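**Q** below: sequence and its predicted model.
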Amino acid sequence: MQGVAKETSTQREGDSVVLRFLIKSADGSRTPVEMRGRKISGMVSPGDLVEISGRRVRDRDGVARPMRVRNVTTRSQVRIRQSRAKRALGSVARFASSVSAGVLAWALTSLVSIAGEPVADAPVPFDDGAVDFTILLPVAVGVLVALVVYLWLRRRARRN
């Protein structure tokens, strides 16, 4: 999304600094933008040509809440910095989500791998010293799914 910045304002709200402005696109549409964080580096002035990129630019309420904006006029980046607590909470949430996905994948793979076996013939790990891959496969799938989910969530968080 690219357009000219209008009605720029910077305010303090509690612990946050809030930068608000409107983007008037070439087609005449107007999009409100709000950047909120502990600190804002860079600036947007009325009349500056700005560009917001990313997959999810607008929220459900129609307000764009990007983490960074490119000011084409000044050839600079405008970025917000989140509090350390908020960043840490996001990391913990991503880790917990990935572990949950891994445990779910492990459980489903375990059920599928032993579904057709009678209980008496269920594999016993390491009873004769050999590695039983019917036990290791669900663990490997669970770890792999957890890693993929974590990396996907981390990439998505950095993109927004």
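**A** All right, it came through fine.
**Q** residues making contact with the biggest strand by length in the chain?
**A** For the chain, the longest strand by residue count, based on DSSP state E, is strand 2-13. With CB atoms under 8 Å, 6 or more residues apart in numbering as the test, strand 2-13 has contacts from 17-26, 30-31, 36, 40, 44-52, 72. Quick note: C-beta positions are derived from backbone N, CA and C, even for glycine.
**Q** report the buried residues of it.
**A** Buried residues in strand 2-13, defined by neighbour count with 16 or more other CB atoms under 10 Å: 3, 4, 5, 8.
**Q** with stretch 101-110 instead?
**A** Within stretch 101-110, the residues that qualify as buried are 101, 102, 105, 106, 109, 110, counting by 16+ other CB under 10 Å.
**Q** ok so, going back, quick one, which of the contacts of strand 2-13 are buried?
**A** Among the contacts of strand 2-13, those buried by neighbour count (16+ other CB under 10 Å) are 17-23, 31, 40, 44, 48, 50, 52.
**Q** most widely separated two among these?
**A** Put simply, by CB to CB the two of the buried ones among the contacts of strand 2-13 set farthest apart are 17 and 31, 20.7 Å from each other.
**Q** list the contacts of residue 78.
**A** For residue 78, the contacting residues are 19, 35, 40, 41, 42, 43, 44, 50, 68, 69, 70, 71, by CB under 8 Å, 6+ apart.
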